[in-house]
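Visitor: Everything below, folded, please.
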Amino acid sequence: MDLTFSQDELEFRDELREWLAANSPGEEPRGDEDAIFAFRTSWQRSLYDSGWAAVHWPQEYGGRDATLMESAIFFEEMGRAGAPLPANVLGLLLAGPTIMAWGTPEQKDRYLTPILSAEEIWCQGFSEPEAGSDLAAVKTRAVRDGDDWIVTGQKVWTSGAQYSKWCMLVARTDPEASKHKGLSYFLMDMEQEAVQVRPLVQITGEAEFNELFIEEARIPHENMLGEEGNGWIVALTTLMNERSGLGFFLQVRLRQLLDKLVAEAVANGSIDDPVIGQALGDMLERTETLRLTAYRGLSTIMKYGQPGPEGSLTKWLWSETNQMMTQLAVEIVGPQALHKDNPWAYELLRARGNSIEGGTTEILKNIIAERVMGLPRK
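Guide: As a prediction, the model looks like this:
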């Protein structure tokens, strides 16, 4: 594909660069999760006030009708400016587009604007202890009770649940139907005693993820998204948007991390070691490959109207490269890279989760083998 930007795309990029230069959010706090959340909420409100919170949304819902290429430019420029992701990233990338696709006019009026402004934060209630990669195996039950649904079950790996007002919840409403046909999609109010959030503390000391324990929570029937039993199809809309744009943000951040590592190697003289030099060259090749692969995936969407299975390759490549790079940092920086106050220690520990979150590497390899390479299933 031709990666040369059009005049409209250049104007979009330059306008965004000017705004980011004039509205830098400053340095993000470290260590204090509540302070980080408050920082990112304030940042999203600044984006919202200036019309940048969700450039990919239609103008009628508060967006800018940005093209796919402009959306990619947006995330690249955010990464280059060192800006954080918004506090309500799951609402902006997942909940909002899903509500636009399946919501009633009343649901759109109720939920979309608070997503943009970060007044109401969203989380995603898909994964369960025995249903991670297999969404159709969820056991959380929803039983009709007049105008409400009574929901009981457990969710896990729920990012940002401790700050969320709403949850995109998939539950089984027909236990007699086939796995994929017995599901429904709900918008669940998190602020009720029947919903308990328990943090899962990681090796970094953070609790990005949570468990949800749901004991007879009530969800009004009007909060069902799509038709009863159509939850699988609605959930696919959410999943198709899951990595939209983030690949461009992550590949820029990966290149920035590499630049910092090269600077470390130059400063301590290890850049002259041919083994280190070769390893850094390999990282450069990988980051450039990731950038081009992300654009190749964008080309597929522009050509066919939907993401192709090649998107799994981007996630796999990023996970593997980031883990390799943080491990290389320890070799270059030395033992001090493992000190708790050294930023490389955080990068090393946090990278361990890359091959699990957003689709495990094992599942991604199967997708690539079967759908990209055409290999038979075992």
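Visitor: and the strand or helix carrying Cys123, what does it pack onto?
Guide: For Cys123, the host element (DSSP states H and E) is strand 122-125. Here strand 122-125 touches helix 89-90, strand 166-172, going by 3 or more Cβ pairs under 8 Å, 6 or more residues apart in numbering; DSSP states H and E. For the C-beta atoms, the positions are set from N, CA and C on the backbone; glycine is no exception.
Visitor: what's the following helix or strand after the first one?
Guide: This points to helix 89-90. Downstream of helix 89-90 (by DSSP H and E), the next one is helix 96-102.
Visitor: in the next helix or strand after that following helix, what's buried?
Guide: Once helix 96-102 ends, the next helix or strand along the chain (criterion: DSSP H and E) is helix 105-117. In terms of neighbour count (16 or more other Cβ atoms under 10 Å), helix 105-117 has its buried residues at Gln107, Lys108, Arg110, Tyr111, Leu112, Pro114, Ile115, Leu116, Ser117.
Visitor: for stretch 367-378, same thing?
Guide: Across stretch 367-378, burial judged by 16+ other Cβ under 10 Å covers Ile367, Ile368.
Visitor: repeat for stretch 54-62
Guide: So stretch 54-62, judged by 16+ other Cβ under 10 Å, has buried residues Ala54, Val55, His56, Trp57, Tyr61, Gly62.
Visitor: Name the nearest of those relative to Asn210.
Guide: Of all the buried residues of stretch 54-62, Asn210 sits closest to Ala54, with 24.5 Å by Cβ to Cβ.
Visitor: Just to check, that closest one is in contact with Asp65?
Guide: No: assessed by Cβ atoms under 8 Å, Ala54 is found out of contact with Asp65, at 10.7 Å.
Visitor: Look at Ile219 and give its secondary structure.
Guide: Secondary structure, DSSP: H, G, I helix; E, B strand; the rest coil: Ile219 is strand.
Visitor: rewinding a little: ok, which of the helices and strands packed on strand 122-125 comes nearest Val197?
Guide: Of all those, it is strand 166-172 that lies closest to Val197, at 9.9 Å by Cβ to Cβ.
Visitor: what packs against the closest one?
Guide: Using 3+ Cβ pairs under 8 Å, 6+ apart, strand 166-172 sits against strand 122-125, strand 141-145, strand 148-155, strand 183-189, helix 231-240.
Visitor: Now do the longest one: everything it contacts.
Guide: Judged by Cβ atoms under 8 Å, 6 or more residues apart in numbering, the contacts made with helix 231-240 from elsewhere in the structure are 94-95, 97-98, 101-102, 124, 126, 135-136, 168, 170-171, 173, 180-181, 183-185, 225-226, 306-307.
Visitor: Which of these are buried, as a ChimeraX select command?
Guide: Under the burial definition 16+ other Cβ under 10 Å, those of the contacts of helix 231-240 that qualify are selected in ChimeraX by:
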select :94,95,97,98,102,124,126,135,136,168,170,171,173,183,184,185,225,226,307
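Visitor: any low-confidence regions in the stretch 151-300 of the chain?
Guide: 241-247, 300 (pLDDT under 70).
Visitor: quick one, strands of it?
Guide: With DSSP state E, counting those that start in this stretch, the ranges of strands along the stretch 151-300 of the chain come out as 166-172, 183-189, 195-200, 209-220, 224-225.
Visitor: Can you list the strands that the last one pairs with?
Guide: In the sheet containing strand 224-225, the strands it pairs with under DSSP bridges are strand 183-189 (antiparallel).
Visitor: Could you figure out how far the partner strand is turned away from strand 148-155?
Guide: 90 degrees (axes from the mean of the first three to the mean of the last three Cα atoms, to 10 degrees).
Visitor: Please save the CA atoms from strand 183-189 in PDB.
Guide: Extracted in PDB, the C-alpha atoms of strand 183-189 (Å, rounded to 0.1, in the frame of the first residue of the first chain):
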ATOM      1  CA  LEU A 183     -25.800 -15.700  25.200                       C
ATOM      2  CA  SER A 184     -27.000 -12.100  25.600                       C
ATOM      3  CA  TYR A 185     -25.100  -8.800  26.000                       C
ATOM      4  CA  PHE A 186     -25.900  -6.500  28.900                       C
ATOM      5  CA  LEU A 187     -24.900  -3.000  30.100                       C
ATOM      6  CA  MET A 188     -24.500  -3.700  33.800                       C
ATOM      7  CA  ASP A 189     -24.400  -1.000  36.400                       C
END
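Visitor: Many thanks, I have nothing further to ask.
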